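>>> Fold the following for me, if possible:
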Amino acid sequence: MNPTHFETGEFRHTAGERIGNYLLDKPLGAGGFAEVWRAVEPNSERHVAVKIFFDRVTNDPTIWPKIREEPKKQPDHERIVPIYYSHLDPADGPGPYYIVMKLMEGGTLEEFLEEHSRLGPDDAVRIIRDVLDGLGYAHSKGIIHRDIKPSNILFSSQHRATLADFGIAKDQNKAGNTTTFGGGTATYMSPEQAEGLPLTRATDIYSLGTVLYETLAGKVPFDGPTDTAIIIARSKYDPPPLRQSAPDIPERLEKVILTCLDRNLEHRYADCNAMSRALDWAMVSAANSGTTQVSQQHDPQPEPPTPKKYWLIGGLAAAVLAVGLGYHQIRKTPPNPGVQDGLMQNASPQQQSVTKPNPRVAKDWAHVLWNDPDLANCVNVLDASQCNSMKQRSNLLQRTNFDKKTVAYDSELFENCMGYKPCVDLKEFKDKLTAPKDWPHATPNMLRACMGFPPCVAASRNRIRPIPDPPDPGGQPKIHLKPNGKSQFDPK
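Reported below is the predicted structural model:
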């Protein structure tokens, strides 16, 4: 592998050299703080990755104390590269100082993009979903990564994306939460991080949104000759429309990315779960409208990557597409004229004989209840294909945690709750959610179930003490509307 495409290309060590108990084998890459080698652990013959820090870093009193905390800040999660051993404390002996990590055989997202330029929507979203799993867990522990970029997204031997390098991560559980030293990468850095302001989860959402933009478009939203030029452009301008560079991108997916890249952090997704749900609905919506997997019509994609670099998710994409197209057909297909209240008045004798074992043939599958007995056995019904599609949609409906009220406020499932009570209740709640005129004084119940609605999320994140509206004579909170009957906040 030619190291010159890495940030600095520095390699101070050589193959065959021993670092601690590890024998260096092959250089993997170099960055601003360290070089990374594949190495062998002599006792077990296990291959590992060894990250060796440069002397200029270990001798810098402003940087090194923070980087030394990396093993303590790196959470233990299957979507985060594990650390096996570290030698970072001078009390344990002289340098060189290093970290031993699991070797990720699939390479990095940066390497893949250098080879293939860009990915299609399904593959790109699959990668980001994996990263969101690991990043969301880190956030739950109070850890802000602060340096999310393609070179820090690695692929495992099972071809799953994992997040690496928590060297400049910030532990929100400790005092101080500003960017006080040269951490982060200007191309992917959020506006607030570039200004040295206090950071929240939203800064990582911004960086990951930039990675997704680059993965789909083949270029970053903001670029320039210097870091300063990039930071200034980002602070003044909106990112270029993604679909100009990649016409195959579903419109909803573009909206998700632009929400991540909003300069106002309060308008971004509140957390990784909200972003993940938004991606899910964007792809389901695209499948419903048949707008996925059309990249060949606009921008020919590269040959599928080798198993070492990536995986094919055609099976998953096909499954999502089948559910989506089935649902689309259900919504567009009128009730079968031969089925009236369970009676086959105009059906052929063959059709009548097929349906006799199940007289409760659904008249309109688009309104069948999610737990209707007909969904349990689609064999003996006339419209079996529609039944099967609705059965799959029923399974999807039950997997969206409606009881926890975590579904996004504009999700596609609201269009047809199929009689599923948690969904029906939440759909009614959605109408009230978009109505409050003054979110700092929103009712506590609404702040507990923001459903991804940005003004509500912002109020909840800022921990504004909610003051309930006085009840009306019927005992229900009042909803303040504009004269036109709409909230002053319009959903994105």
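>>> Please count neighbours and contacts with C-alpha atoms only from this point.
Noted.
>>> part of a strand, is Ser86?
Yes. Looking at Ser86 with DSSP: H, G, I helix; E, B strand; the rest coil, it is inside a strand.
>>> For it, give me its contacts.
Residues near Ser86 by C-alpha atoms under 8 Å, 6 or more residues apart in numbering: 71, 97-100.
>>> 10 Å instead, please
Ser86 makes contact with 50-51, 68, 70-71, 97-101, according to C-alpha atoms under 10 Å, 6 or more residues apart in numbering.
>>> By neighbours, which of those residues wins?
Using other C-alpha atoms under 10 Å as the neighbour criterion, Val50 leads those with 29 neighbours.
>>> Now do Leu265: how many residues are near it, please.
Neighbour number of Leu265 under other C-alpha under 10 Å is 22.
>>> Oops, could you answer that again for Asn395 instead?
Neighbours of Asn395 (other C-alpha under 10 Å): 12.
>>> Quick check: phi and psi at it.
phi -60, psi -40 (degrees, to the nearest 10).
>>> quick one: it and Ile143, what's the gap?
Remark: distance between Asn395 and Ile143 (C-alpha to C-alpha, to the nearest Å) = 34 Å.
>>> now Gly419
Taking C-alpha to C-alpha, one finds Gly419 at 40 Å from Ile143.
>>> Neighbour count: the two, which is higher?
Ile143 (22 against 14).
>>> residues touching the more buried one, list them.
With C-alpha under 10 Å, 6+ apart, Ile143 has these contacts: 73-75, 135-137, 166, 169-173, 200-201.
>>> Now list the buried members of those residues.
Applying 16 or more other C-alpha atoms under 10 Å to those, the neighbour count classes 73-75, 135-137, 166, 169-172, 200-201 as buried.
>>> Tell me where the model's unsure across the stretch 201-350 of the chain.
Within the stretch 201-350 of the chain, the stretches with pLDDT under 70 are 288-350.
>>> what about the strands in it?
Along the stretch 201-350 of the chain, the stretches classed as strands by DSSP state E, counting those that start in this stretch are 339-340, 343-344.
>>> Out of the contacts of Ile143, which one has the lowest pLDDT?
Looking at the contacts of Ile143 by pLDDT, the weakest one is Asn173, with 77.
>>> ok, for that one, nearest residue in space, not its chain neighbours?
In space, and not counting its chain neighbours, Asn173 is closest to Gly142: 6.1 Å by C-alpha to C-alpha, 6 or more residues apart in numbering.
>>> what sits against that neighbour?
73, 136, 170-174, 200-201 are the contacts of Gly142 under C-alpha under 10 Å, 6+ apart.
>>> Please apply the same query to Gly419.
Residues 367-372 are the ones in contact with Gly419 under the rule C-alpha under 10 Å, 6+ apart.
>>> do that again at 6 Å, thanks
369-370 (C-alpha atoms under 6 Å, 6 or more residues apart in numbering).
>>> where's it, which helix or strand?
Of the helices and strands defined by DSSP states H and E, none includes Gly419.
>>> coming back round to it: which two in the contacts of Gly142 are spaced the farthest apart?
Gly136 and Lys174 (18.8 Å; C-alpha to C-alpha).
>>> quick check, nearest of the contacts of Ile143 to Ala91?
Of the contacts of Ile143, the one sitting nearest to Ala91 (C-alpha to C-alpha) turns out to be Lys73, at 20.0 Å.
>>> Tell me where the stretch 151-300 of the chain has helices.
Assigned by DSSP state H, counting those that start in this stretch, the helices in the stretch 151-300 of the chain fall at 191-194, 201-217, 227-236, 242-245, 251-260, 272-289.
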